[in-house]
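A.B. asks: how would this look folded up:
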Amino acid sequence: MSFVRIWLHGVWGTKNREPLLEEGIHDDICEHIKENAAKNKVFIDSIDGGKEHLHSLMTLGPDMTVSRQMQLIKGESSHWINKNELTKRHFEWADKYYVVSVSESDLDRVRSYIRGQKEHHKKTTFLSEFKKILRDAGFSEEEG
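C.D. replies: I've put the predicted structure just below:
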């Protein structure tokens, strides 16, 4: 048996950055994503965000690629949101997402950052945060 643990910080938003993850459903969606991920052997340590995006600290599933894992998370959750009519209109995630690896020594910092999203977004918008995240990781917006 092999032992592998690859930590990832993922960020993804709603289509057109629409603020559809309202307070009454936000936590239910996060919990559903965690439960569905676990059924697919993906461990989500932390998940939170704002009205138009989510951050997640997660491990890469043993039989997953990053793109397959993000498709599982985003595709299944949007289907579940629509099936349960949690939003007033049809729900979709944006096509783009951000994922980088996280070292074991950086887990507490990323975990704290994700858990502090509600406070963080009282001071900054998701768009400005996302642009900063991309810059800090050495990406240009055009790459995605």
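
A.B. asks: longest strand of the chain, counting residues only.
C.D. replies: Under DSSP state E, the strand in the chain containing the largest number of residues is strand 93-102.

A.B. asks: any buried residues in it, and which?
C.D. replies: For strand 93-102, a neighbour-count test (16 or more other CB atoms under 10 Å) marks Trp93, Ala94, Tyr97, Tyr98, Val99, Val100, Val102 as buried. No exception for glycine: its C-beta is placed from N, CA and C like everyone else's.

A.B. asks: which strand residues sit across from the last one in the sheet?
C.D. replies: Beta-bridge partners of Val102, counted by DSSP bridges, are Trp7.

A.B. asks: confirm His9 sits in a strand?
C.D. replies: Yes: secondary structure assignment (DSSP: H, G, I helix; E, B strand; the rest coil) places His9 inside a strand.

A.B. asks: numbering from 427 from now on, please.
C.D. replies: Will do, 427 is the new start, and the previous item becomes His435.

A.B. asks: does it touch Val536 like I think?
C.D. replies: Yes: applying CB atoms under 8 Å as the test, His435 and Val536 come out as touching, 5.3 Å apart.

A.B. asks: give me the common contacts of these two.
C.D. replies: When contacts are counted by CB atoms under 8 Å, 6 or more residues apart in numbering, His435 and Val536 are jointly contacted by Leu483, Val528.

A.B. asks: what packs against the longest strand of the chain?
C.D. replies: Strand 519-528 is packed against strand 433-440, helix 492-509, helix 552-562, with contacts defined by 3 or more CB pairs under 8 Å, 6 or more residues apart in numbering; DSSP states H and E.
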